[in-house]
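Q: Sequence isn't available, so here's the structure alone:
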Ligand code: HEC
Ligand code: HEC
Ligand code: HEC
Ligand code: HEC
């Protein structure tokens, strides 16, 4: 054969060989997953800036997800929303929750449900049509299995399974997460696991001791937060307990029989840029909610017009200037204003605790200012005083109507000292213990 022809054939052969290997790369199955974890949405459509309520908001999840997609072009993005997802505090809760559910569904979220979500019962199905999880409760899925690695058409190329396992620590059965996990591991000895849920640090420790196949644990537990992901041996641990402000990403790769992982955390900032059409959609929802709130408030105001026993804190100031000036410096004074950072200042279900005499002749009123937790919250309506006496209660029993476990987890007798405004001398022996801030 002519040498030239030989050379041409050789080159052709090389080109074919290269083409074959390149095409194999295209036939490679998805080897990388990026899990995007958020939690504690509580039905908030837009972010707020408060300490005890969620700050992330629905509207800031999408831009983060878009960014992740740009930064991980090869990854399959798996979005996970941890409890609590839906709001139980708004006259428009059904409407809001349905919209929240639609968003999660459209964006293929896997949703983990918590106690508060479960309290909606059958309504949940109306709110969210996608895949949802809760461990240890009959009738729910508890894991999603994702296969990674290998090749599409060839028999060779290793494949592996990663289980996204949703666990919850129930007060009636604190060992449940470890129990369920052990069963899973027994059944799937070769597979890897990522654990999500409401689990305590002690349980996380037990889980990690149990098995090295855990790639990561993403949990919420009260106020516990890990600012940077922690690595315990081969597993990443992130506590996302900052009331919806935080997100975490978790990159999982599987190449040639080996797992590689990398976790990060970030904040769902209030000033993130946001997709215009999504923003408009949310604004529209908010307008409907606001309108409904305004209707309810104006009905209440009309109901009591001209026949209320409440006078307003400014009225008390005329004779109790000193008490007023002390009260003015407490958080009770600004309790209604405070709702503004949450965009909830006209939400009747917050105003019950964040205003004076709500729906009893106080807030809302078109003529008198009943904002704040005013004098008459604690001393009763002041229409006939003086001469009739006002209530002065001892102890904290009356505070508990608002200072509930949910809204004021650190409340104790020491709080009385913090609102003290009476002119009378106090007996010694008041102690302030463990007051937040
Ligand atoms: C059952 C009564 C109650 C209801 C209902 C309630 N709150 Fe509160 N809220 C409180 C109490 C009590 C505190 C003070 C907690 C503390 O400091 O111990 C508080 C504190 C706050 C604070 C300030 C502390 C912080 O976390 O920054 C914000 C903001 C707030 N609530 C928002 C809301 C919103 C929004 C709603 C409605 C969706 C709401 N609250 C409904 C009782 C209530
Ligand atoms: C009508 C509901 C209501 C009642 C009743 C009530 N509070 Fe409050 N309290 C609130 C709200 C709402 C806040 C949060 C205000 C804010 O942060 O803007 C608050 C905040 C406080 C704070 C400030 C906490 C902080 O984090 O700075 C103290 C202290 C306090 N209350 C003590 C009491 C005591 C003591 C009583 C009973 C004598 C009482 N409260 C009764 C609703 C109430
Ligand atoms: C969160 C509840 C609360 C609010 C709001 C509140 N008070 Fe009081 N007030 C109390 C309590 C409790 C005492 C008793 C304090 C003590 O003896 O330690 C008291 C004491 C007083 C006393 C002294 C009564 C006595 O016989 O010792 C006066 C007067 C008074 N308050 C007026 C006011 C006025 C005026 C305002 C509004 C500017 C106001 N209070 C707001 C709970 C409240
Ligand atoms: C016209 C003046 C005046 C106004 C307005 C007024 N008070 Fe008084 N208040 C008094 C006098 C006088 C006393 C008795 C003073 C004393 O002996 O300590 C008193 C006593 C009190 C006491 C102690 C318990 C009692 O009844 O003796 C409380 C609590 C109180 N006022 C709360 C209020 C609140 C809350 C308001 C607003 C709704 C208010 N006051 C408005 C004049 C007034």
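A: Yep, it's here. Keep in mind the model is a prediction, meaning the values are calculated, not measured. Ligands and ions are numbered 1, 2, ... in the order given.
Q: and the lengthiest helix in the chain, does that touch ligand 1?
A: Counting residues, the longest helix in the chain under DSSP state H turns out to be helix 276-304. No - against ligand 1, helix 276-304 shows no contacts by CB under 6 Å from any ligand atom, the least distance being 11.2 Å. For every residue, glycine as well, the C-beta is placed using N, CA and C.
Q: Tell me the first helix or strand C-terminal of that helix.
A: Using DSSP states H and E, the next helix or strand after helix 276-304 towards the C-terminus is helix 313-317.
Q: Quick check: phi and psi on the nearest residue to residue 214 once chain neighbours are set aside?
A: Nearest non-adjacent residue to residue 214, counting by CB to CB, 6 or more residues apart in numbering: residue 235, 4.6 Å away. Per-residue torsions, residue 235: phi -110, psi 140 (degrees, to the nearest 10).
Q: that older thread, ok, and for the longest helix of the chain, which residues are buried?
A: Across helix 276-304, burial judged by 16 or more other CB atoms under 10 Å covers 281, 282, 285, 286, 289, 292, 293, 296, 297, 300, 304.
Q: Helix, strand, or coil at the residue nearest to the last one when sequence neighbours are not counted?
A: Distances taken as CB to CB, 6+ apart put residue 361 closest to residue 304, at 4.4 Å, once the chain neighbours are dropped. For residue 361, the secondary structure call by DSSP: H, G, I helix; E, B strand; the rest coil comes out as coil.
Q: Number of residues surrounding residue 361?
A: Residue 361: 22 surrounding residues under other CB atoms under 10 Å.
Q: So it versus ligand 4, what's the distance?
A: 12 Å (CB to the nearest ligand atom, to the nearest Å).
Q: now do residue 254
A: For residue 254 relative to ligand 4 (CB to the nearest ligand atom), the value is 68 Å.
Q: residues touching that residue, list them.
A: Taking CB atoms under 8 Å, 6 or more residues apart in numbering as the criterion, residue 254 is in contact with 31, 32, 148, 149, 158, 160, 162, 260.
Q: bridging residues for the fourth one?
A: It stands for residue 149. Residue 149 has the following beta-bridge partners by DSSP bridges: residue 159.
Q: In contact with it, which residues?
A: 29, 31, 157, 158, 159, 160, 254, 255.
Q: what's the spacing between it and residue 249?
A: For residue 149, the distance to residue 249 (CB to CB, to the nearest Å) stands at 20 Å.
Q: cool, and the first one?
A: In this structure, residue 31 and residue 249 are 17 Å apart, going by CB to CB.
Q: Got the confidence number for the residue of the stretch 151-300 of the chain found nearest ligand 1?
A: The stretch 151-300 of the chain approaches ligand 1 most closely through residue 243 (8.2 Å), counting by CB to the nearest ligand atom. Per-residue pLDDT puts residue 243 at 75.
Q: likewise residue 142?
A: Looking at residue 142, its pLDDT stands at 85.
Q: The one 10 residues further on too?
A: The predicted structure scores residue 152 at 63 on the pLDDT scale.
Q: Quick one: mean pLDDT for the longest helix of the chain?
A: 91.
Q: Against which helices or strands is it packed?
A: On a contact count with 3 or more CB pairs under 8 Å, 6 or more residues apart in numbering; DSSP states H and E, helix 276-304 meets helix 93-106, helix 348-354.
Q: mind checking which of those is nearest ligand 4?
A: Closest among the helices and strands packed on helix 276-304, using CB to the nearest ligand atom: helix 348-354, at 18.5 Å.
Q: Rounded mean pLDDT for the closest one, please.
A: Helix 348-354 carries an average pLDDT of 96.
Q: So what does residue 241 look like in phi/psi?
A: Dihedral angles of residue 241 (phi, psi; degrees, to the nearest 10) stand at phi -80, psi 40.
Q: Break down the stretch 151-300 of the chain into its helices, ranges please.
A: Taking DSSP state H, counting those that start in this stretch as the criterion, the stretch 151-300 of the chain contains helices spanning 176-187, 201-210, 276-304.
Q: Pipe the ones you listed into a markdown table and attach distance to residue 418 per row.
A: Output for these, formatted as a markdown table (distance: least, CB to CB, whole Å):
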| stretch | distance to residue 418 |
| --- | --- |
| helix 176-187 | 39 |
| helix 201-210 | 31 |
| helix 276-304 | 30 |
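Q: just checking, the residue of the stretch 151-300 of the chain closest to ligand 1 touches residue 40?
A: Yes - between residue 243 and residue 40 there is a contact at 5.3 Å, judged by CB atoms under 8 Å.
Q: how about low-confidence regions in this protein?
A: Low-confidence segments of the chain (pLDDT under 70): 24-29, 47-56, 136, 138-139, 151-156, 211-212, 270-271, 425-437.
Q: Can you show me the strands along it?
A: 32-39, 76-82, 110-112, 132-133, 143-149, 159-168, 192-198, 214-219, 230-232, 235-239, 246-255, 258-267 (DSSP state E).
Q: The second one: partners in the sheet, and parallel or antiparallel?
A: By that I understand strand 76-82. Applying DSSP bridges to the sheet, strand 76-82 is found paired with strand 32-39 (parallel), strand 110-112 (parallel).
Q: Over to the last one?
A: In the sheet containing strand 258-267, the strands it pairs with under DSSP bridges are strand 246-255 (antiparallel).
Q: quick one: the partner strand to chain centroid distance?
A: Offset of strand 246-255 from its chain centre (CA atoms, centre = their mean, to the nearest Å): 20 Å.
Q: and the angle for it with strand 214-219?
A: 170 degrees (axes from the mean of the first three to the mean of the last three CA atoms, to 10 degrees).
Q: May I see the buried residues of stretch 318-338?
A: Buried positions in stretch 318-338, judged by neighbour count with 16+ other CB under 10 Å: 320, 323, 324, 326, 327, 332, 333, 334, 335, 336, 338.
Q: before we move on, what about stretch 249-266?
A: For stretch 249-266, by 16+ other CB under 10 Å, it's 249, 250, 251, 252, 253, 254, 259, 261, 263, 265.
Q: roughly how far is it from the heart of the chain?
A: 24 Å.
Q: End to end on that stretch, go ahead and measure it.
A: Using CA to CA, to the nearest Å, one end of stretch 249-266 lies 8 Å from the other.
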